[in-house]
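Student: Any chance you could fold what I've pasted below:
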Amino acid sequence: MLSPAHEAHNNVVDRGTGDPVLFLHGIGCNALTWEPQLQVLESSRRVIAIDARGHGGSPPAEGPMTLRDYADDVLAVMSDLGIERAPVVGLSMGGMVAMTMSLAAPERVSGLVLADTGAHANADMAANMKMAGAAAVEYGMRANVEQMTPMLFAAAALAENRPYIKEFQDQVATTDAHSFSVALGAIAELDLLDDLPRLDVPTLVLVGDEDQTLPSVFSEAIAAAVPGAELQVIDEAGHMSNLDQPEVFTDHLVRFLSRTGN
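Tutor: A predicted model of the protein is given here:
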């Protein structure tokens, strides 16, 4: 459980009124990554998108962190905003943090939407995470995101050079490189799969059919492990499925929230 002494220092986008929904972005991104979904949901709900440490407007990570540390940050934000319980939508690293939250404080999470994420890092993945973190510190975030971009978006989006790709690159380029490396170190220790059968909340798992970063096998493993989880594959979408196919992604999200009463 979260220590009472833990205070939230994260930058937060907080819009709309009604039942709250929390949004957790992927590594290197920030709350603005969720803009297509926030614009739709804020007319009927209170939408809260949180910048992880060292991302967006949040202060940098000062030392090593675990996924539980990031989860505690989110729980602290909830407490500061007077939110006792809410559904959590997480993409990539955000999904890992959402699962960690739900396992650590199940009474605070009423539902999970886990997009393009994973629950276990094998040895190769862990080694790659650590190498990528070191490269980001050495060469900078602009070089890092330009190298990552072909792995993150659908082939059609890249071929058409859709505007949101440049917007995404500009967002990631502002991320603190050390904090990015710290977050990759946390992901390298990812080991949640065996604990997922303990989750007891409605869960929707989404994945882009062209996700090269965390291919559908990762989402399939999560959906198989979480009791009653629903898996939906989004066509013509890469790792950033909420940007490649925002309408389809949001339709799945709205349907899930309505159907589960969240």
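Student: Packing partners of the longest helix along the chain?
Tutor: Assignment by DSSP state H gives helix 123-139 as the longest helix of the chain. Applying 3 or more CB pairs under 8 Å, 6 or more residues apart in numbering; DSSP states H and E, we find helix 123-139 packed against helix 141-148, helix 177-188. All C-beta atoms are positioned from the backbone trio N, CA, C, and that covers glycine.
Student: Next SSE downstream of the last one?
Tutor: Elements were assigned by DSSP states H and E; along the chain past helix 177-188, the next helix or strand is strand 203-208.
Student: Within the sheet, what are the partner strands of that following strand, with directions?
Tutor: Take DSSP bridges as the rule and strand 203-208 pairs in its sheet with strand 109-115 (parallel), strand 230-234 (parallel).
Student: any idea of the mean pLDDT for the last one?
Tutor: Confidence for strand 230-234, expressed as mean pLDDT, is 98.
Student: Then stretch 204-213?
Tutor: Across stretch 204-213, pLDDT averages out at 97.
Student: Looking at the helices and strands packed on helix 123-139, spot the one closest to residue 21.
Tutor: Among the helices and strands packed on helix 123-139, helix 177-188 comes nearest to residue 21, with 22.7 Å by CB to CB.
Student: Which helix or which strand is home to the most centrally placed residue in the chain?
Tutor: Nearest to the mean C-alpha position of the chain, counting by CA atoms, centre = their mean, stands residue 94 at 2.1 Å. Per DSSP H and E, residue 94 falls inside helix 93-104.
Student: before we move on, the earlier item: next up, the contacts around the residue nearest to the centre of the chain.
Tutor: For residue 94, the contact set (CB atoms under 8 Å, 6 or more residues apart in numbering) comprises 23, 24, 25, 26, 52, 115, 117.
Student: Dump the residues you listed to a markdown table, plus neighbour count, pLDDT and secondary structure.
Tutor: Listed next are the contacts of residue 94 as a markdown table, based on neighbours: other CB atoms under 10 Å; pLDDT from 0 to 100; DSSP: H, G, I helix; E, B strand; the rest coil:
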| residue | neighbour count | pLDDT | secondary structure |
| --- | --- | --- | --- |
| 23 | 25 | 98 | strand |
| 24 | 32 | 98 | strand |
| 25 | 26 | 98 | coil |
| 26 | 27 | 97 | coil |
| 52 | 32 | 97 | coil |
| 115 | 31 | 98 | strand |
| 117 | 29 | 98 | coil |
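Student: Output the below-cut-off pLDDT ranges for the stretch 101-250 of the chain.
Tutor: Counting by pLDDT under 70, the stretch 101-250 of the chain shows no low-confidence range.
Student: phi, psi of residue 150?
Tutor: phi -60, psi -20 (degrees, to the nearest 10).
Student: The residue lying closest to it once chain neighbours are set aside - how many residues pack around it?
Tutor: Once flanking residues are discounted, residue 150 sits nearest to residue 158: 6.4 Å by CB to CB, 6 or more residues apart in numbering. The local packing of residue 158 (other CB atoms under 10 Å) involves 16 other residues.
Student: Also the one 3 residues further on?
Tutor: Using other CB under 10 Å, residue 161 is surrounded by 8 other residues.
Student: ditto for the one 4 residues further on
Tutor: In terms of burial, residue 165 registers 18 neighbours under the definition other CB under 10 Å.
Student: And the contacts of the host helix or strand of it?
Tutor: According to DSSP H and E, residue 165 maps onto helix 163-173. By CB under 8 Å, 6+ apart, the residues outside helix 163-173 that reach it are 28-30, 32-33, 56, 141-142, 144-146, 148-149, 152-153, 157-158, 240, 243.
Student: Go again with 10 Å.
Tutor: Contacts of helix 163-173 from elsewhere in the structure, counted by CB atoms under 10 Å, 6 or more residues apart in numbering, are 25-33, 35-36, 55-56, 136, 140-146, 148-149, 152-153, 157-158, 162, 180, 240, 243-244, 246.
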